[in-house]
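Student: When you get a sec, could you give me coordinates for this:
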Amino acid sequence: MKVTVDKAKCCGAGTCVMLAPDVFDQRDDDGIVILLDEHPGEELHVTVREAASVCPGVAISVSEEG
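Tutor: All right, here's what the predicted structure looks like:
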């Protein structure tokens, strides 16, 4: 799995951080997403997919590498 974020689309809702704090964080000044791990472990895949699906700004993309 490879995770990418589009900071221009991020609205700073923070849902991704609440769901997957090992993968996402937010900037202190404006809440925009920070990607901590673009290749999260398999144990986080379901959670990361959920974070991408509920992102109100559609700022998170997940691709399967293989």
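
Student: residues contacting Thr4?
Tutor: Counting by C-beta atoms under 8 Å, 6 or more residues apart in numbering, Thr4 touches 35, 38, 60-61, 63. For the C-beta atoms, the positions are set from N, CA and C on the backbone; glycine is no exception.

Student: Turn those into CSV, columns for secondary structure, distance to Ser53 and pLDDT.
Tutor: Rendered in CSV, the data for the contacts of Thr4 read as follows (DSSP: H, G, I helix; E, B strand; the rest coil; distance: C-beta to C-beta, whole Å; pLDDT from 0 to 100):
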residue, secondary structure, distance to Ser53, pLDDT
Leu35, strand, 17, 98
Glu38, coil, 18, 97
Ile60, strand, 9, 98
Ser61, strand, 11, 98
Ser63, strand, 14, 97
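
Student: Compare the residues you listed and tell me which is most surrounded.
Tutor: Ile60 (25 neighbours; other C-beta atoms under 10 Å).

Student: Look at Glu43 and give its secondary structure.
Tutor: helix (DSSP: H, G, I helix; E, B strand; the rest coil).

Student: follow-up on the earlier one: turn the contacts of Thr4 into JSON lines, including distance to Val48.
Tutor: Output for the contacts of Thr4, formatted as JSON lines (distance: C-beta to C-beta, whole Å):
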{"residue": "Leu35", "distance to Val48": "10"}
{"residue": "Glu38", "distance to Val48": "10"}
{"residue": "Ile60", "distance to Val48": "8"}
{"residue": "Ser61", "distance to Val48": "11"}
{"residue": "Ser63", "distance to Val48": "11"}
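
Student: which of those lies closest to Met18?
Tutor: Among the contacts of Thr4, Ile60 lies closest to Met18 (C-beta to C-beta), at 13.2 Å.
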